[in-house]
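Trainee: Below are the sequence and a predicted model for it; my questions follow.
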Amino acid sequence: MAKPDSRTLRSASPNGADTFDEEFENSLDKALHSASSNYFNWTGRRGSLGANLRLALGILLETLNAPNQPSIGTSFDRNSDSFDRSWGSDVNPLIGGGEITGNTYLHGSNDPNGPDYSRNSLIHRMGRFLQSLLGLYRFLRSQVSRELQQQQTHADLQHFSGDNTASAAVLEERMVSPQNSHQKQPVLNAVLNAKYNPVTFVPVILYEQFKFFFNLYFLLVALSQIVPQLRIGYLLSYIVPLAFVLLVTMLKEAGDDIARRRRDIEQNNEQYEVLNRSFLLSADVSLVPAKNLKVGDLVRLHKGMRVPADMVLLHSSDSNGEAFIKTDQLDGETDWKLRVACPVTQSTPDVAQISERVSLVVGRPEKSIHSFQGKLVYHSPTGTDRTVPLSVDQTLWANTVLASGTALGIIIYTGVETRQLLNTTMSGVKTGLLEIEINSLLKILCVTVFLLSVVLVLAQRFPPGGTWYIDILRFLILFSSIIPVSLRVNLDLAKSVYASQIQKDNDIPATIVRTSTIPEDLGRIEYLLSDKTGTLTQNDMEMKKLHLGAVCYAGETLDIVSENVSKMFVHEKGGNTTKRRDLATKVCDFALVLALCHNVTPSEDDGVISYQAASPDEVAIVKFCEQIGLRLLKRDRHSITLLHLASLQELLFQILYIFPFNSDTKRMGIVVKDTQKNEIWFMEKGADTVMTRIVNTSDWLDEETANMAREGLRTLVIGRKKLGTSVFEEFTKAYEHASLSMQERDSNMQRVVEKYLETNVELLGLTGVEDKLQKNVKQSIELLRNAGVKIWMLTGDKVETAKCVAISAKLISRGQFVHQITKVTSPEMAMSHLDQITNTANSVLLIDGESLAMYMKHFSQEFFEMCILLPAVIACRCTPQQKADIALAIKKATGKRVCCIGDGGNDVSMIQCADVGVGIVGKEGKQASLSADFSIDQFHFLLKLLLWHGRNSYKRSAKLAQFVIHRGLIISVAQAIYSISSHFEPLALYQGWLMVGYSTLYTMAPVFSLTLDTDVDVRLTKLYPELYKELTLGKSLSYRSFFMWVAISLFQGSVIQLLSQSFQTLSENKFPAMVSISFTTLILNELFMVAFTIRTWNKIMFATIVITFMIYVLLIPFLKEYFDLDYITSVSFLWQSALILVTSLFPVWLVRTLSRKLRPPSYAKVQQH
């Protein structure tokens, strides 16, 4: 069979050589991870990709090897007859060790059967070599593309019940039955968070590294040493540094992936009781690992157990069918959620009957964890089927935890179809600003390498024989150290050090670094976008004011409310209810609605009663009701029991319907039956924006809502409606009919509520709840503003409330003009306001969500160009999407670093869109914290995170990058001087282990110790926040600082090499002596430069320099192949080395010292004060 060539590889791509579409390009990284996780596993698909990869690599190897030439894996014998060349000694100053002579060098062996090293042959082989690399790359990409297509097809098929002829309706519904759990199912329940497996680890790691141009550049340099004409010294001189970088990366990735795999194995092997895997269902129980669970399995859960897959609750140990679950690992919310078993199965304790007679109809998997539509069909022995609607109240989502009792559920979704995995997205890799700046500098170095190589070849006036292109390639290889191969691994390791320092800081306890790639960006923040509730405020609510229209209660007058509630039954016995209700009765009615209209559940643990609720507002209201005399005693799915503290009488109310609060409706309602009076009441509370159109018209509601908001209080409008028997029956019939619909169920049910309940609702009053500021918020905001950070507050609260909080938090300074834009409904109005703001200097903008939407739609660019100039902006009534849009707009308009901070689920979008996302562990849960790059406990922790850790991370990484670049430049300058002195020949100055040790053992540790350096004390960063403001200018790593280091490298490299050559000639017998002094002074120069740069010494820094020096001295006897040991042990070597070092270092030290004296940097001025 004919050997395949590069054309075979090239045709493997379905789209040809140059036609990969943009969408595929952007998703390639994700494809590799996804393909690795789902397809290239060792047990399932090891034959496909593994064989293709081996085939492709085999083709590459065959392409590289010319006929009759040793394979790549074979070492080249320099004395081999097949080369017809005297290679000579490895220590010869000439590249390759021998003389470059005529036909032997240019044309190779004269043997017609030997290898052809002619110019055309070399060009041809290099062309085939590059073609093969490109072909292999395209081939692998085509394989990933094919796997992606198969994955998409497979994912689509997961939504079918298995029938290829299914109609469109089947796409929306599927049947689940315990009788079918034994059938083969396409979706496994195994958790797979590991990124790699034994087959894909090396290929994926290599791709991840070599997709970066500079790593690929070094790979090509190393591979070029396979070609004899391009070989410079030892192959290991280029392989070992690159291999070291790859090894460090692989070890780090392997460690992380092993930890992930261990967690996966632990979770996948958890044992669960499955009750329908045996014939004797009621007596026999099978213990099944979580990874082997299937749709249709009946699983019994006990308290504290993790839910292994998405399930529907069929039976609970509670007599009412209730069960509580913890969802903090799913949505970040810490309150317990109530779940209710399906009534039909709750009343059927026999597992065999449930297995035989129950089937479910469920919708296709979706992301929403707050909605679910399904039906349970109970097949009666009489032949009459009973259909019961299923909602989110009957669901147990995967990765939640059963918090009470025992539960029996049926699995409806497994694996990738569970809500948890559908909501788990691979967040994009964030790239720090410093990394972008370093890449731009490296591009300059890359151009420099090419130009320097061309100039040196031009200086030869194009050598005879037409080998100029070979010389250019050889010079490119010689100067490859200008581009530091270890820079990326140094920076990555430094980021890990910064993350560790942040997490171990006792001043900001419980801080978590979730994204370790951007710590330097903490030192470059110019815009801070903050949520209000729970971020600037404590989210610890306290009832401060009640307004009933005719009277307002606040402060000490709240005691009057308690007195009226204590006399509640006295008023009833006095017959006040038959007359016009007096004020006391209104207060009692208002208090009773507050005590009933909520979703709070009391729970007792070790004698301590706590309240479980989705919102701190509700807990505050329930606690207030207890203070005024109405305690929430018990609550279950069917009833609420209140205790009247004055009379110790229990008040029992039957719960008929509950309409939970959500961000769309912005209200919460409940239908209860007063068992004492046999009356049915609909009670509702919500935001004034929605309740105003629901309650009866009032002439005081808008005014009093605004007054409370100005005091910084969160307001809720309270209303109720008495339902007659006929109205309630009509509502029940319509509501149950709407609940059975599989399409738009929620909206249909909401329309029924609006039609029958939310009309002619009686307005009872208004509550005002205070949310206090967090600790040290005022000082933190003031310091951040002094540090040059512009702060925006984005909140869903009312304009008046937001303004009040902004003033109390010092976001609005005293005397600062506030330009308020609200209720803008036309582009004309928007433009007029825009002109006014432009003409008002140093003003703060206060805008509502409606007006903001108008600006973003019609004048987005003009609006944000104006806003970024303002010291502060306050946006109210913002939706979560608007918050995210603002963050993206600021990034686009300014190109500056934007930090977003929040604590709730409505802040997640904003946090994920930011350059740096910070989440606060709030009382509403951990959703924001889990999605953020950095997680903190309190807002004022942000101060040290930015001013100290951010500043240090940026300055250290900038200094580290400059030193690594300097390390490569100075040795390249020495190489250039030597090449010029050798008549512009591409000859290597340092070879073998010298080059390997230079970039690793001899200099890496001291240079890396700069990541522990500090220029000011932590206390000074708060006293002088202006130090942070300087960082935004990017002076620590700028073109100016870069070219300054280039100048230092040129000077020191030239001095070291020229003086070394002046002390020792370039003759063959003096060459080892010249290398000895040149290389030694080069190493010592780097160590002294590190010492000069350190501002704050510690033991680790001192140890790295001393130990590195000792290692070098101890290894000198083992480097006799390169050094003249007799010369090194002589007195001449000592005084000549000292002279070179003084000449190289003293001018640099003098210039730095004078510069600090004449123009001291800010940190030096601060230290002096």
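Mentor: Alright, I've got the coordinates.

Trainee: how far away is Leu376 from Ile354?
Mentor: Using Cβ to Cβ, to the nearest Å, Leu376 is found at 10 Å from Ile354. Quick note: C-beta positions are derived from backbone N, CA and C, even for glycine.

Trainee: okay, and the common contacts of these two?
Mentor: Residues touching both Leu376 and Ile354 (Cβ atoms under 8 Å, 6 or more residues apart in numbering) are Thr345.

Trainee: what's the spacing between stretch 222-239 and its chain's center?
Mentor: 40 Å (Cα atoms, centre = their mean, to the nearest Å).

Trainee: Using CSV, write out every CA atom in that stretch.
Mentor: The C-alpha coordinates for stretch 222-239 follow below in CSV (Å, rounded to 0.1, in the frame of the first residue of the first chain):
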residue,chain,number,x,y,z
ALA,A,222,13.4,22.3,19.0
LEU,A,223,12.2,20.1,16.1
SER,A,224,14.4,22.0,13.7
GLN,A,225,17.4,20.5,15.4
ILE,A,226,16.4,17.2,13.8
VAL,A,227,17.6,18.6,10.5
PRO,A,228,21.5,18.3,10.5
GLN,A,229,22.1,21.6,8.6
LEU,A,230,20.1,23.5,11.2
ARG,A,231,21.5,21.7,14.3
ILE,A,232,23.2,24.0,16.8
GLY,A,233,25.0,22.2,19.6
TYR,A,234,23.1,19.6,21.6
LEU,A,235,19.5,18.8,20.8
LEU,A,236,18.8,18.8,24.6
SER,A,237,19.7,22.5,24.8
TYR,A,238,16.4,23.3,23.2
ILE,A,239,14.3,20.2,24.2
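
Trainee: and this protein, what are its domains?
Mentor: As assigned by automatic domain parsing, the chain contains the domains 6-170+192-265, 293-422, 523-537+771-944, 543-770.

Trainee: Columns mean neighbour count and distance to Val497 on top of those domains, output as CSV?
Mentor: Putting the domains of the chain into CSV (neighbours: other Cβ atoms under 10 Å; distance: least, Cβ to Cβ, whole Å) gives the following:
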stretch, mean neighbour count, distance to Val497
domain 6-170+192-265, 16, 13
domain 293-422, 20, 29
domain 523-537+771-944, 20, 15
domain 543-770, 17, 38
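
Trainee: Same list, the ones you listed, but as CSV with distance to Gln503 and mean pLDDT please.
Mentor: Shown next, in CSV, are those (distance: least, Cβ to Cβ, whole Å; pLDDT from 0 to 100):
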stretch, distance to Gln503, mean pLDDT
domain 6-170+192-265, 16, 53
domain 293-422, 20, 86
domain 523-537+771-944, 10, 87
domain 543-770, 28, 86
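
Trainee: So for Phe1092, which of these sits nearest?
Mentor: For the domains of the chain, the distance to Phe1092 is smallest for domain 523-537+771-944, at 23.3 Å, taking Cβ to Cβ.

Trainee: show me where the stretch 551-700 of the chain has strands.
Mentor: 552-554, 601-605, 608-612, 630-635, 639-644, 649-659, 667-674, 679-686 (DSSP state E, counting those that start in this stretch).

Trainee: Show me where the stretch 951-1100 of the chain dips below the pLDDT cut-off.
Mentor: Judged against pLDDT under 70, the stretch 951-1100 of the chain has no low-scoring part.

Trainee: hang on, the earlier thing: the strands of the stretch 551-700 of the chain: which one's closest to Glu782?
Mentor: Of the strands of the stretch 551-700 of the chain, nearest to Glu782 by Cβ to Cβ is strand 552-554, at 30.1 Å.

Trainee: elements contacting that closest one?
Mentor: strand 537-547 (3 or more Cβ pairs under 8 Å, 6 or more residues apart in numbering; DSSP states H and E).
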